[in-house]
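Participant: Quick check, what structure comes out for this input:
(one chain, ligands or ions: 2)
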Amino acid sequence: MKIHEYQAKTILVQYGVPTPNGEVAVTPKEVFSVVNGLGGKAVIKAQVHAGGRGKAGGVKLVSSPQEAESFAEGLLGKQLVTSQTGPEGVPVQKLLVEETIGVDKELYLAIVVDGSSKRHVIIASQSGGMDIEEVAVATPEKILRVIIDPNVGYQAYQGRRIAYALDLDQSQVRSAVDLIGNLYKAFVERDCSLVEINPLVVTIEGNLLAVDAKINIDDDAMFRQQSMEEMRDSSQEDQLEAEATVFDISYVKLDGDVGCLVNGAGLAMATMDIILAAGAKPANFLDVGGSATVEKCTKAVEIILADSNVSRILVNIFGGILSCDTAAQGVVDACKNKGVNPKLVARLLGSNATEGRKILEESGLNVSFVDTLNEVAEMLTK
Ligand code: GDP
Ligand code: MN
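Facilitator: Ligands and ions are numbered 1, 2, ... in the order given. So this is what the prediction gives:
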């Protein structure tokens, strides 16, 4: 789950990581009065679940309440398109209004779960700011990666190593070691998959300050992070993905045209690989889960059908706890509910495969049956 910058900063403050003073505003008038309260100078930042705001006109330094108000008028209620959003952008409903900071240096600091080392990794660079992506591509040697051993956690010597690599003054090393430790504590306790501070600013006064903050919470840990649930902003999420979450369907929208109805995450990944290997493109990742009911399968297919890019659907079910007839009935019900007859390729194996096949055959839907993944690929290239 993604959260907004202002929410991420409230978490950072709870963990003793310093951030600029500021307030959230939802109308231009409110922006005016907050900027007035800050003495007339402020930075206004669009609150959206996407980075790249600075380059997209979503961040502005203003030097009067009037300037702030008119900037807010141009942004609130609009869609912001950044390099990290689709062409339709994301809605701007809130602005973060903060005191301006005198910046000496912009650093980069992040903690991620790294799949290849199967560890938490701290990433740091002297070259923080809006061009970090280019730094990573052009000069990867400027990016330091420090792997954390989960048995011992973050160690002060690792913090010092990072602080020296960031070329901090001797007087700043201690606070950097503490700041990184606090950030790591937040990362672990809040079940984050990402904490990113870009930029971590060295102010003109020589202090460290988290000027931007991005936090993602691991969706699979939400059951024990219930207090984070109220930070969810569904307006920022893909509407189909948000709907799928409500029905506990694991769905990720992609940009191809082959809809996928699959049970099991591994089979869903393999199915996407087969589609790509056949030269086609998946429209989604979808795992209905092991114990899906007919209703849940119906909902899943309705979500697939709601994506206007979908021109055909691959039903790839390996029946176990979820029987093939349950999935097949869901497909039939969804197509009936929506009044559509899409091209279907079905591979039903395992429990009640015969019954499932019968349901699809008798439905009058446009189904081709296949048994092997090679045949799936063949059907997709036809
Ligand atoms: P992002 O582009 O979505 O990552 O948005 P950021 O919050 O990182 O803001 C973009 C850039 O605006 C930062 O890299 C800074 O250079 C600049 N910026 C943000 N707040 C301040 C501020 O208070 N003072 C100064 N001088 N620059 C700021
Ligand atoms: Mn940033």
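
Participant: Would you map out the domains in the chain?
Facilitator: For the chain, the structural domains run 21-98, 103-229, 238-380, going by automatic domain parsing.

Participant: The second one near ligand 2 anywhere?
Facilitator: Same thing as domain 103-229. Yes. Using CB under 5 Å from the ion, domain 103-229 comes into contact with ligand 2 via Asn198, Asp212. Glycine gets a C-beta too; all of them are placed from N, C-alpha and C.

Participant: what about that domain, how long is it end to end?
Facilitator: 34 Å (CA to CA, to the nearest Å).

Participant: can you tell me if that domain touches ligand 1.
Facilitator: Yes. Contact of domain 103-229 with ligand 1 (CB under 6 Å from any ligand atom) involves Val103, Glu106, Gly129, Met130, Asn198, Pro199, Val211, Asp212.

Participant: and Lys55, how many neighbours?
Facilitator: Close neighbours of Lys55, defined as other CB atoms under 10 Å, add up to 12.

Participant: quick one, what contacts the residue nearest to it when sequence neighbours are not counted?
Facilitator: Leaving aside its chain neighbours, Lys55 sits nearest to Met130 (5.8 Å; criterion: CB to CB, 6 or more residues apart in numbering). Contact partners of Met130, counting by CB atoms under 8 Å, 6 or more residues apart in numbering, are Gly52, Gly54, Lys55.

Participant: what about the residue in the stretch 151-300 of the chain that ligand 1 sits nearest to, which helix or strand?
Facilitator: Using CB to the nearest ligand atom, the single residue of the stretch 151-300 of the chain nearest to ligand 1 is Asp212, 3.4 Å away. Assessed by DSSP states H and E, Asp212 sits outside every helix and strand.

Participant: Next: Glu73.
Facilitator: Per DSSP H and E: helix 65-75 holds Glu73.

Participant: ok, the next helix or strand after that helix: who's next to it in the sheet?
Facilitator: Downstream of helix 65-75, the next assigned helix or strand under DSSP H and E is strand 79-80. Strand 79-80 pairs in its sheet with strand 90-91 (antiparallel), by DSSP bridges.

Participant: roughly how far out does the strand it pairs with sit from the chain middle?
Facilitator: 14 Å (CA atoms, centre = their mean, to the nearest Å).

Participant: Would you mind identifying the next helix or strand past that strand?
Facilitator: strand 95-98.
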